[in-house]
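Peer 1: model this:
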Amino acid sequence: MSDIMSGFFLLRVRAFDVDALRPDGYKILLELLMSSRDLRVREVAYRFAERQTGASSASFAQGMRFARRLFALRVPRPARFAIVGFSGLVPNLASTWLLHHAAGLNYVVAATVGTQVAIVWNFVGCELLVWHGGRRFSPRRLLPFLVINNVDLVLRLPLLALLVERWGLGVGLATLITLAAAVVVRYVAVDRTIYRSRVDRGPRPSPRPTGVE
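Peer 2: A predicted model of the protein is given here:
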């Protein structure tokens, strides 16, 4: 386990749900260790010889893929969605400030455009970190993603007004409540429509053991 990127290991196939594995690159050992909580592990030390030919396939890009996959395995998908959404505040505020103060646009127009920039940012983050991990990146999903997020924005404003005007909540607290509700609604809508995730209907049949156990 001290060499998580090793390809030299043996396992019992029936200890894993093979169909549920989604390895990214050649880090299959990481995927196997993170996908099962009941593994009994035994390590046998070995020493690498000096490389005689070829070159290592390790690179910065592979390191980023490793970090991205580890993040996906350790952090639940809804939490990743919320983190990506929160990160969208940076491009939103930055673009709104630039458009209003530097370009001289009306603040409402600047905020509207800034929101669209943040939505595009969040879409890229969802593609890379939340759902497919960049393996099946598709710009065609951007349009429905924009629609869902803008509909969410329109629906959130009346709820904000209701909390402030009818229930007497402060603007800050009401905004936090509407944002939290919006994250849940957006996640369910995006997950079930754009990425078409399905609720698990039950355990899949275990694959027949093959190879060496």
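
Peer 1: drop to CA atoms for contacts and neighbour counts, all remaining ones
Peer 2: Noted.

Peer 1: Helix, strand, or coil at Leu179?
Peer 2: Three-state assignment for Leu179 (DSSP: H, G, I helix; E, B strand; the rest coil): helix.

Peer 1: separation between Val124 and Glu43?
Peer 2: 39 Å (Cα to Cα, to the nearest Å).

Peer 1: which of the two has more neighbours?
Peer 2: A direct count of neighbours by other Cα atoms under 10 Å for Val124 and Glu43 places Val124 higher, at 18 against 8.

Peer 1: Please identify the buried residues of the helix or strand containing that one?
Peer 2: Per DSSP states H and E, Val124 falls inside helix 107-125. In terms of neighbour count (16 or more other Cα atoms under 10 Å), helix 107-125 has its buried residues at 110-111, 113-125.

Peer 1: cool, stretch 144-157 as well?
Peer 2: Neighbour-count burial for stretch 144-157, counted by 16+ other Cα under 10 Å, picks out 145-146, 148-150, 152, 156.

Peer 1: now what about that stretch, what contacts it?
Peer 2: Residues outside stretch 144-157 that contact it (Cα atoms under 8 Å, 6 or more residues apart in numbering) are 116, 119-120, 123, 178-179, 182, 186, 189-190, 194.

Peer 1: Dump those residues to CSV, plus distance to Leu32 and pLDDT.
Peer 2: CSV is the format used below for the contacts of stretch 144-157 (distance: Cα to Cα, whole Å; pLDDT from 0 to 100):
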residue, distance to Leu32, pLDDT
Gln116, 39, 88
Ile119, 34, 90
Val120, 33, 93
Phe123, 28, 93
Thr178, 39, 79
Leu179, 36, 76
Ala182, 34, 81
Arg186, 31, 87
Ala189, 30, 89
Val190, 28, 90
Ile194, 28, 88
